[in-house]
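J.: quick one, fold the following:
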Amino acid sequence: MSKILLATNQPEQVSDLVLGLWGNSHSVIIVSDGLAAWNLIRGVPPDILFLEELLPSMDGYELLLKISEESLLPKMRVVLGLHMPNTGVPYRNWAWPIDSYLIRPYSPWQIVVNIEQIMYRVMQPDVAALADYDKDDTLWRTVGTKLSSSNEPLP
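T.: Residues are numbered from 1 along each chain as shown. The predicted model follows:
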């Protein structure tokens, strides 16, 4: 069971969807305040943190800084929700180990899909080995040839 912490300034948008999808299979906590998220993270760090950059009392960047100062960042996966600034280029800090970025406006489904992709990558470490296995595309060419040369419908 994964521990997921969602720190969002619009919890009402994600709560029904997220709790409905993951309520029984994962431990999900939703907070709307950066300081509340920090207190939870200090107690028991989550496996996955969804964090918006604009939060009351402590914004997402301040929270990430505190997390990294306490050496808690390597213990969790992070999805960072960004707002599009007037310049049209959102701020990204490549020095922090952010697993995924979302740019507003995004839907609750995008949050769910991003987190599920991260869970899949973490739980399936052999996916990289499969990519290495077929570096020369032998498997792909074989499957592609069979599909393109056959007039039979796919099973």
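J.: burial of the nearest residue to residue 97 once chain neighbours are set aside, as a residue count?
T.: The spatial neighbour of residue 97 that comes closest, neighbours along the chain excluded (C-beta to C-beta, 6 or more residues apart in numbering), is residue 73 at 6.1 Å. Using the backbone N, CA and C atoms, a C-beta is placed for each residue, glycine as well. Residues near residue 73, counting by other C-beta atoms under 10 Å, number 20.
J.: quick one: the helices in the chain?
T.: For the chain, the helices defined by DSSP state H occupy 11-22, 34-43, 60-69, 108-123, 127-133, 138-149.
J.: would you single out the least confident of the ones you listed?
T.: Per-segment mean pLDDT for these reaches its minimum on helix 138-149, at a mean of 41.
J.: please tell me how far residue 121 sits from residue 115.
T.: Distance of residue 121 to residue 115, computed by C-beta to C-beta, to the nearest Å: 11 Å.
J.: between the two, which is the more surrounded one?
T.: residue 115 (26 against 13).
J.: and the more buried one, what does it touch?
T.: Contacts for residue 115 (C-beta atoms under 8 Å, 6 or more residues apart in numbering) come out as 4, 48, 50, 79.
J.: try residue 104
T.: Counting by C-beta under 8 Å, 6+ apart, the residues that residue 104 touches are 81-84.
J.: now these as a markdown table including neighbour count?
T.: A markdown table is the format used below for the contacts of residue 104 (neighbours: other C-beta atoms under 10 Å):
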| residue | neighbour count |
| --- | --- |
| 81 | 25 |
| 82 | 18 |
| 83 | 13 |
| 84 | 11 |
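J.: any chance of JSON lines for those residues, columns distance to residue 106 and pLDDT?
T.: Below are the contacts of residue 104 laid out as JSON lines (distance: C-beta to C-beta, whole Å; pLDDT from 0 to 100):
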{"residue": "81", "distance to residue 106": "7", "pLDDT": "90"}
{"residue": "82", "distance to residue 106": "9", "pLDDT": "86"}
{"residue": "83", "distance to residue 106": "10", "pLDDT": "81"}
{"residue": "84", "distance to residue 106": "11", "pLDDT": "75"}
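J.: nearest to residue 108, of those residues?
T.: Taking C-beta to C-beta as the measure, residue 108 sits nearest to residue 81 out of those, at 11.2 Å.
J.: doesn't residue 51 make contact with that closest one?
T.: Yes - under the criterion of C-beta atoms under 8 Å, residue 81 makes contact with residue 51 at 6.8 Å.
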